[in-house]
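Asks: I need the structure of the sequence given here:
(one chain, ligands or ions: 1)
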Amino acid sequence: MVSNLNNVIVTAKNDRHISEAQAISERLALPFVAELDSAGLMLRLTAERLELVQAGPDAPGPVYVDFIAGAMGHRRRYGGGRGQLVAKAVGVKKNKIPTLIDATAGLGRDAFVLAKLGCRVQMIERSAVVAELLFDGMRRARQDDEVAEIISRMSLRVADASDYLNGLSEAERPDVVYVDPMHPERSKTAAVKKEMRLFRALVGDDEDDVRLLQAALMAAHKRVVVKRPRKSEAIPGPKPSLVYEGKSTRFDVYLSR
Ligand SMILES: C[S@@+](CC[C@H](N)C(=O)[O-])C[C@H]1O[C@@H](n2cnc3c(N)ncnc32)[C@H](O)[C@@H]1O
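Replies: Below is the predicted model:
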């Protein structure tokens, strides 16, 4: 599904951030409103960060990117290194650090884990709103000495990944293409579900994953890694060469011939 930006407005939490928030609304061609009185989705600029919020009594908490603290901070400190399932799936070894395109950047969490392992990650995200949240998280993370070094290996481009991959020259082809499309039956834990509800309201389900897998298979020198919920079907197409199964997640690996 092509991202729907029509239902998003941009706002500022207080008067000091109005002009900066207006600049974001102009860049994304989204309406700016000064007051939070709508029940729709809002990109809200606060003193600390840019966040996606929904108005209304039953609304989930804000969605934003935080590479320094929270879950990503914890994973950075205690998440383990090359023993992690994702590292095995991607093929990170002591003397072999693959180049990578993350075709479905989202909030950049997987890309951050891979950059922490030493990979250079070119992230692609087609939702301009999601990308704006990610740019903002990267900007803040560059101000932290420890995290800045990891962020220096990550770059982000707003594009449709199938088109981007199809347009790569031979020299630009990466070792690995990493793919994690939105799936209708993702994790059911309450916390994830709440955050995903907002995220899904913004980007919808990625119903063109077959096309993306085909483009990824053509572009990757060594392998394509697809992240799936553990019990879900593989993306229709060729059978994965290897499967790595975790508690809730599975990685389908397609080795290049
Ligand atoms: C499930 S999220 C990815 C989460 C990400 N792996 C992370 O760790 O934060 C899927 C994201 O991929 C994006 N996406 C899906 N298909 C895409 C495509 N063909 N090109 C670019 N972005 C795509 C969606 O807009 C969405 O933001």
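
Asks: who's in contact with stretch 79-86?
Replies: For stretch 79-86, contacts defined as Cβ atoms under 8 Å, 6 or more residues apart in numbering pick out 87-88, 92-94, 110, 113-114, 116-117, 225, 227, 244, 246, 249, 251. C-beta coordinates here come from the backbone N, C-alpha and C atoms, glycine included.

Asks: nearest to the ligand, of those?
Replies: Proximity to the ligand was ranked across the contacts of stretch 79-86 by Cβ to the nearest ligand atom; first place goes to residue 110, at 3.6 Å.

Asks: doesn't residue 51 make contact with residue 64?
Replies: Yes. Residue 64 sits in contact with residue 51 when judged by Cβ atoms under 8 Å, with a separation of 4.0 Å.

Asks: returning to that earlier point: give me the PyMOL select line for the contacts of stretch 79-86, limited to the buried ones.
Replies: To isolate the buried subset of the contacts of stretch 79-86 in PyMOL, counting by 16 or more other Cβ atoms under 10 Å, use the following:
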select buried, resi 87+88+92+110+113+114+116+117+225+227+244+249+251
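
Asks: buried stuff in stretch 61-76?
Replies: For stretch 61-76, burial by neighbour count (16+ other Cβ under 10 Å) applies to 62, 63, 64, 65, 66, 67, 68, 72, 75, 76.

Asks: residues of the stretch 51-200 of the chain that sit close to the ligand?
Replies: For the stretch 51-200 of the chain, the residues in contact with the ligand (Cβ under 6 Å from any ligand atom) are 103-104, 106-110, 124-127, 130, 160-162, 180-182.

Asks: among those residues, which are in strands?
Replies: 124, 125 (DSSP state E).

Asks: where do the strands of the stretch 101-250 of the chain begin and end?
Replies: Taking DSSP state E, counting those that start in this stretch, the strands of the stretch 101-250 of the chain run over residues 121-125, 154-158, 176-179, 223-229, 242-245, 249-255.

Asks: now mean pLDDT too, for those strands, in TSV please.
Replies: TSV is the format used below for the strands of the stretch 101-250 of the chain (pLDDT from 0 to 100):
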stretch	mean pLDDT
strand 121-125	98
strand 154-158	98
strand 176-179	98
strand 223-229	97
strand 242-245	97
strand 249-255	97
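
Asks: which residue comes closest to the spatially most central residue of the chain once chain neighbours are left out?
Replies: In the chain, the centroid-proximal residue (Cα atoms, centre = their mean) is residue 106; its distance is 2.0 Å. Once its chain neighbours are removed from consideration, residue 106 has its nearest residue in residue 130; the separation is 6.4 Å (Cβ to Cβ, 6 or more residues apart in numbering).

Asks: these two touch, right, that neighbour and residue 200?
Replies: No. Distance between residue 130 and residue 200: 11.5 Å, which falls outside the contact criterion (Cβ under 8 Å).

Asks: tell me which of these two has more neighbours.
Replies: Between residue 130 and residue 200, counted using other Cβ atoms under 10 Å, the more crowded position is residue 130 (24 against 14).

Asks: which single residue in the stretch 151-257 of the chain comes nearest to the ligand?
Replies: Minimum separation of the stretch 151-257 of the chain from the ligand (Cβ to the nearest ligand atom) falls at residue 161, amounting to 3.3 Å.

Asks: next, the contact list for that residue, please.
Replies: The contact partners of residue 161, by Cβ under 8 Å, 6+ apart, come to 101, 103, 104, 124, 126, 179, 212, 215, 216.

Asks: any chance you could read off phi and psi for the closest residue to the fifth one other than its chain neighbours?
Replies: Okay, so that is residue 126. Once flanking residues are discounted, residue 126 sits nearest to residue 160: 4.8 Å by Cβ to Cβ, 6+ apart. Phi and psi for residue 160, reported as degrees, to the nearest 10, are phi -80, psi 130.
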